[in-house]
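Colleague: only geometry, no sequence info:
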């Protein structure tokens, strides 16, 4: 995988435009995020390792392709990551799930950890970390740091929007972690928000502002 992959599928871009509109309701925002997560998940799982197994169709025996190795680990970077997590879980219901709790100190823009719980045997799993916004990249880098400390080796990062500054920060800190996003926006604001962006994804998803 490339370090940064832009998913420019027409359905992704159409749904993202609807989410960006400030008039988009909380319920519609949640639904669109879930729908986009399905489409992004196809891209982030495109090169999963495969093997074959012997099965019987109604017509004959065959060697058929199946996923190889341990169940995937889906890691939600709280709290906004849960919006993407729900959609990916609908597509991969057997995946194991973990959570990284980080919030951004609004004064320093640095991440503060408050929770960490991930599946066992992370070194044997493909790990997909999800967070709608890759802004400064500080929280994402901190989350990936924690996942690597837990043993994870094959990590992908899936987001809805990315800023050039965040992509550069991730590439500097974790060049081995591919980023899959629905958009590469123009820049960050002076307070660390993505422009043109869509506001605070967590607030819009949960109706807290």
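Modeller: Nice, thanks for sending it over. Because the structure is a prediction, the values reported are computed rather than measured. Numbering: from 1, shown residues only.

Colleague: use CA for all of it now, contacts and neighbours both
Modeller: Noted.

Colleague: in the chain, which ranges drop under the pLDDT threshold?
Modeller: 1, 109, 209 (pLDDT under 70).

Colleague: which residue ranges of it form strands?
Modeller: 4-6, 50-56, 61-67, 73-78, 96-104, 111-117, 126-130, 133-134, 154-159, 161-162, 179-181, 187-188, 194-195 (DSSP state E).

Colleague: now render those as CSV, adding distance to residue 30 and mean neighbour count.
Modeller: Shown next, in CSV, are the strands of the chain (distance: least, C-alpha to C-alpha, whole Å; neighbours: other C-alpha atoms under 10 Å):
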stretch, distance to residue 30, mean neighbour count
strand 4-6, 21, 18
strand 50-56, 32, 11
strand 61-67, 29, 12
strand 73-78, 15, 24
strand 96-104, 19, 19
strand 111-117, 24, 14
strand 126-130, 15, 26
strand 133-134, 15, 28
strand 154-159, 15, 22
strand 161-162, 15, 27
strand 179-181, 17, 25
strand 187-188, 24, 19
strand 194-195, 19, 22
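
Colleague: buried stuff in the longest helix anywhere in the chain?
Modeller: If you go by DSSP state H, the chain has its longest helix at helix 26-44. For helix 26-44, the neighbour count (16 or more other C-alpha atoms under 10 Å) marks 26, 29-41, 43-44 as buried.

Colleague: once you drop chain neighbours, what's closest to residue 90?
Modeller: Excluding the flanking residues, the one nearest residue 90 by C-alpha to C-alpha, 6 or more residues apart in numbering is residue 38, at 7.9 Å.

Colleague: which residues does that neighbour contact?
Modeller: The contact partners of residue 38, taken as C-alpha atoms under 8 Å, 6 or more residues apart in numbering, are 87-88, 90-91.

Colleague: mind running it again at 7 Å?
Modeller: 87-88, 91 (C-alpha atoms under 7 Å, 6 or more residues apart in numbering).

Colleague: please, a ChimeraX command that selects the buried ones among the residues you listed?
Modeller: Burial among those is assessed by 16+ other C-alpha under 10 Å; the matching ChimeraX selection reads:
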select :87,88
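
Colleague: narrow the contacts of residue 38 to those in helices?
Modeller: Under the assignment DSSP H, these contribute 87-88, 91 to helices.

Colleague: can you list those residues in JSON lines and add distance to residue 123?
Modeller: Conversion of these to JSON lines gives the following (distance: C-alpha to C-alpha, whole Å):
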{"residue": "87", "distance to residue 123": "24"}
{"residue": "88", "distance to residue 123": "21"}
{"residue": "91", "distance to residue 123": "23"}
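
Colleague: from the residues you listed, pick the one nearest residue 155.
Modeller: residue 88 (15.4 Å; C-alpha to C-alpha).

Colleague: just checking, that closest one touches residue 36?
Modeller: No. Counting by C-alpha atoms under 7 Å, residue 88 stays clear of residue 36, with 9.5 Å between them.

Colleague: for residue 51, see how far away the residue nearest to residue 165 when sequence neighbours are not counted is.
Modeller: Computed as C-alpha to C-alpha, 6+ apart, the closest residue to residue 165 that is not its neighbour in sequence is residue 136, at 5.9 Å. The spacing between residue 136 and residue 51, counted by C-alpha to C-alpha, to the nearest Å, is 39 Å.
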